[in-house]
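Peer 1: Pasting a predicted model and its sequence here:
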Amino acid sequence: MRKVLLFIGLNLLFLSANAQTDEGTNDWHLVQKTLHLYMDGIGTSDSVKVSQSFHDSWQLKYLEDDKINIIKKPKYMERFDIAPHAKSPKWSGRIVFIDITHTVAVAKVEISTAKLLFTDYFNLMKTSEGWFIVDKISTRSPHRTVEIPANPST
């Protein structure tokens, strides 16, 4: 009888742990999908994709001249007044990390253009409609370049 109870208990424990892992994995993929929707939209100037990745309460915060600036979603979306286009070959984006706790997540994304590297940190929340980016803080910097001295022996 003890063996049967032990067997049942272990099976229930395994099923419970497996269900939690599946849900966490699914959330990770859904957060990743939201971030890719954002990056695809930014890379192609597709306002629909960008807007779909943002919650209506979304806002951007960035530092300029030692002042924190805040842009709300409607104002930010005004930047997308041109039709979507193909991504530039000099444009790339990547997810650096995702950290999820229950219904909230943080993520770091890097977007590289011909001249600048943008580093974005996102706060995301899971609603009944899915995962949305609710806040973004961002910084940009010129790409690091390294000068290689000419070979004096040639």
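Peer 2: Thanks, I have the structure now. The model shown is predicted, which means the values in this text are computed figures rather than measured ones.
Peer 1: So residue 57 is in contact with residue 134, correct?
Peer 2: Yes: using C-beta atoms under 8 Å, residue 57 is in contact with residue 134, at 5.9 Å. Just so you know, the C-beta spots here come from the backbone N, C-alpha and C atoms, and that holds for glycine as well.
Peer 1: if you count what's nearby, which of the two comes out ahead?
Peer 2: residue 134 (18 against 11; other C-beta atoms under 10 Å).
Peer 1: Now for that one: which residues touch it?
Peer 2: Taking C-beta atoms under 8 Å, 6 or more residues apart in numbering, we find residue 134 in contact with 54-55, 57-58, 123-125.
Peer 1: Which of these fall within strands?
Peer 2: Among those, the residues falling in strands (DSSP state E) are 54-55, 57-58, 123-125.
Peer 1: Please list all residues in contact with the spatially most central residue of the chain.
Peer 2: In the chain, the residue lying closest to the centroid (C-alpha atoms, centre = their mean) is residue 35, at 3.7 Å. Neighbour list for residue 35: 53, 95, 98, 107, 109, 122, 133 [criterion: C-beta under 8 Å, 6+ apart].
Peer 1: These: which two are farthest apart?
Peer 2: Farthest pair in those (C-beta to C-beta) is 53 and 98. Separation: 14.0 Å.
Peer 1: Looking at those two, which one has more neighbours?
Peer 2: Under the neighbour definition other C-beta under 10 Å, residue 53 and residue 98 were set side by side, and residue 53 has more, 23 against 18.
Peer 1: Residue 110 - how many residues pack around it?
Peer 2: 14.
Peer 1: which ones are touching it?
Peer 2: 93-94, 96, 117-120.
Peer 1: How about residue 142?
Peer 2: 115-117.
Peer 1: which residues in the chain form helices?
Peer 2: 2-44, 47-53, 73-77 (DSSP state H).
Peer 1: Where does pLDDT dip in the chain?
Peer 2: Residues of the chain meeting the criterion pLDDT under 70: 1-24, 145-147, 152-154.
Peer 1: now with 80?
Peer 2: Low-confidence segments of the chain, defined by pLDDT under 80: 1-25, 81-82, 144-154.
Peer 1: if we can go back for a sec, now which of the contacts of residue 142 would you call buried?
Peer 2: Judged by neighbour count, with 16 or more other C-beta atoms under 10 Å as the criterion, no member of the contacts of residue 142 is buried.
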